[in-house]
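J.: Give me a model of this one.
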Amino acid sequence: MNAVLVTGYKMHELGVFNESHEGIKWIKFVLKKRMIALIEEGATWFITSGQLGVEQWAMDVVDELKEIYTHIQLGLLTPFEEQESKWNERLKELYHERVSKADFVDSISKRPYENPMQLKVKNDFLVQKTDGLLVLFDEEKEGSPLFYIKVARSMDKPIFIISPEEIEEARREALDDF
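T.: Below you'll find the model as predicted:
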């Protein structure tokens, strides 16, 4: 597996409304652990669409991992141009910082948002162009990751699910180590 699509819930789907939320560090911790395992299996590209939430936190993790695994790369393929146009200024600022660290950046639709079909096209395109998914997903809570998962299942792509229980277990283990 060379290229891995990394996705999961958007911030609001997780009940996270700012970047200083305590849970983000645990999500990043598990993303890092899982990405290292994928790198050791041969992954060199990590791809996201840059959505607020897990996808942007994954961008941070890839940037951090590049210090050790200098051969890995981050690709950002947004669904449409100016996806951040309606976000608040702080989120736009963080997004632009993250984008500046990506090795490849492009928009699938070369126009600003027009309709939901652009999001479906993005899901189909990203799953088709990658070798598998790493996704934060709770089988009991639908939400935006399910769209990627359905496409991946229809294309018979490997899906590596990070469950909320895995994140909670990592948090408990870390606290037990103190």
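J.: element containing the residue nearest the centre of the chain?
T.: Per C-alpha atoms, centre = their mean, the C-alpha nearest to the average position across the chain is that of Glu55, at 2.5 Å. Counting by DSSP states H and E, the element that carries Glu55 is helix 54-65.
J.: just checking, what packs against that helix?
T.: When contacts are defined as 3 or more C-beta pairs under 8 Å, 6 or more residues apart in numbering; DSSP states H and E, helix 54-65 sits against strand 3-7, helix 22-40, strand 45-48, strand 73-80, helix 89-100, strand 132-136. All C-beta spots, glycine's among them, are computed from the backbone N, C-alpha and C.
J.: Can I get these in a markdown table including mean neighbour count?
T.: As requested, these are exported to a markdown table (neighbours: other C-beta atoms under 10 Å):
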| stretch | mean neighbour count |
| --- | --- |
| strand 3-7 | 25 |
| helix 22-40 | 17 |
| strand 45-48 | 24 |
| strand 73-80 | 21 |
| helix 89-100 | 14 |
| strand 132-136 | 23 |
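J.: okay if I get those as CSV plus mean pLDDT and distance to Ile159?
T.: Formatted as CSV, the helices and strands packed on helix 54-65 follow (pLDDT from 0 to 100; distance: least, C-beta to C-beta, whole Å):
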stretch, mean pLDDT, distance to Ile159
strand 3-7, 98, 10
helix 22-40, 97, 12
strand 45-48, 98, 15
strand 73-80, 98, 19
helix 89-100, 97, 24
strand 132-136, 98, 5
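J.: out of the ones you listed, which comes closest to Met117?
T.: Shortest distance between Met117 and these, using C-beta to C-beta, is found for strand 73-80: 9.9 Å.
J.: just to revisit the earlier point, hey, C-alpha coordinates of the helix holding Glu55 in PDB?
T.: What follows is helix 54-65, C-alpha atoms only, in PDB (Å, rounded to 0.1, in the frame of the first residue of the first chain):
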ATOM      1  CA  VAL A  54      -9.600  14.400  11.600                       C
ATOM      2  CA  GLU A  55      -8.300  15.200   8.100                       C
ATOM      3  CA  GLN A  56      -6.500  18.400   9.300                       C
ATOM      4  CA  TRP A  57      -5.200  16.700  12.400                       C
ATOM      5  CA  ALA A  58      -3.800  14.000  10.200                       C
ATOM      6  CA  MET A  59      -2.000  16.700   8.200                       C
ATOM      7  CA  ASP A  60      -0.300  17.700  11.500                       C
ATOM      8  CA  VAL A  61       0.700  14.200  12.300                       C
ATOM      9  CA  VAL A  62       2.200  13.600   8.800                       C
ATOM     10  CA  ASP A  63       4.200  16.800   9.200                       C
ATOM     11  CA  GLU A  64       5.500  15.600  12.500                       C
ATOM     12  CA  LEU A  65       6.300  12.100  11.100                       C
END
